[in-house]
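A.B. asks: can't give you the sequence, but here's the structure:
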């Protein structure tokens, strides 16, 4: 070994004795405790912050839940109102339908009465044409206004056609029917 090596070995022995005093032990324990306290404080502050953040988030969720519940209640109320309106509309439509049916029935009864009166008048009227009386007896369902108009004018489309048909017949036939009408009118006059 060289002198340098010897010097190093002597200056820095491999086995060194560390003499730790009680004060040093107390300082080490205090340092460890301070580090543990700092760690505990940091953890506690972190938990408090997390708890506060959780409280804030829970409050927001409650508010959102309340808003959603209110909106749901409003929508349910709107749906109930729309359902009620639809029911009222159905009831009103049924009423109108019943009223319409009643009016149609009344109109048909009035039409039937008018037809009966027209038939009775046709049977009683001495000037009423035999052919027209037969049409009424057979149940000619033309409107009363048309029949009255035809009766006042003394012609109808069918009557006009018959007169055209009679014009095509020999004079003896049309003359006979004309003669019968004149005779009947004379017989019925007072």
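C.D. replies: Nice, I can see it. Remember, predicted model here, so these are calculated numbers, not experimental data.
A.B. asks: and the helices in this protein?
C.D. replies: Using DSSP state H, the helices of the chain run over 3-11, 22-124, 130-137, 144-153, 157-168, 171-188.
A.B. asks: confidence-wise, which helix or strand of this structure is lowest on average?
C.D. replies: Within the chain, no helix or strand scores below helix 157-168, which has a mean of 44 by mean pLDDT, DSSP states H and E.
A.B. asks: pass me the low-pLDDT residue ranges in this protein, would you?
C.D. replies: The model of the chain has pLDDT under 70 over residues 1-19, 129-190.
A.B. asks: the same query, at a cut-off of 80, please.
C.D. replies: Scanning the chain with the threshold set as pLDDT under 80 gives 1-20, 128-190.
A.B. asks: any idea how many residues pack against residue 122?
C.D. replies: 19 (other CB atoms under 10 Å). Where you see a C-beta, it was placed from the backbone N, CA and C, and this is true even at glycine.
A.B. asks: just to check, it is in contact with residue 128?
C.D. replies: Yes: using CB atoms under 8 Å, residue 122 is in contact with residue 128, at 5.0 Å.
A.B. asks: please name the residues that touch residue 50.
C.D. replies: By CB atoms under 8 Å, 6 or more residues apart in numbering, the contact list for residue 50 is empty.
A.B. asks: distance of it relative to residue 58?
C.D. replies: Going from residue 50 to residue 58 by CB to CB, to the nearest Å gives 12 Å.
A.B. asks: again with residue 40
C.D. replies: Per CB to CB, residue 40 is found 26 Å from residue 58.
A.B. asks: then residue 111?
C.D. replies: Distance, residue 111 to residue 58, by CB to CB: 78 Å.
A.B. asks: and those two? Which one has more around it.
C.D. replies: Of the pair residue 111 and residue 58, residue 111 is the one with more neighbours under other CB under 10 Å, namely 13 against 10.
A.B. asks: quick one: that one from residue 118, how far?
C.D. replies: Residue 111 is 10 Å from residue 118, by CB to CB.
A.B. asks: over to residue 29?
C.D. replies: Per CB to CB, residue 29 is found 130 Å from residue 118.
A.B. asks: what is the burial count for residue 77?
C.D. replies: Using other CB under 10 Å: residue 77 sits among 10 other residues.
A.B. asks: and for residue 73, the neighbour number?
C.D. replies: Using other CB under 10 Å: residue 73 sits among 10 other residues.
A.B. asks: what do you get for residue 115?
C.D. replies: Applying other CB under 10 Å, I find that residue 115 has 18 neighbouring residues.
A.B. asks: repeat for the one 4 residues further on
C.D. replies: In terms of burial, residue 119 registers 16 neighbours under the definition other CB under 10 Å.
A.B. asks: gap between it and residue 23?
C.D. replies: 141 Å.
A.B. asks: next: residue 87.
C.D. replies: The value you get for residue 87 to residue 23, if CB to CB is used, is 94 Å.
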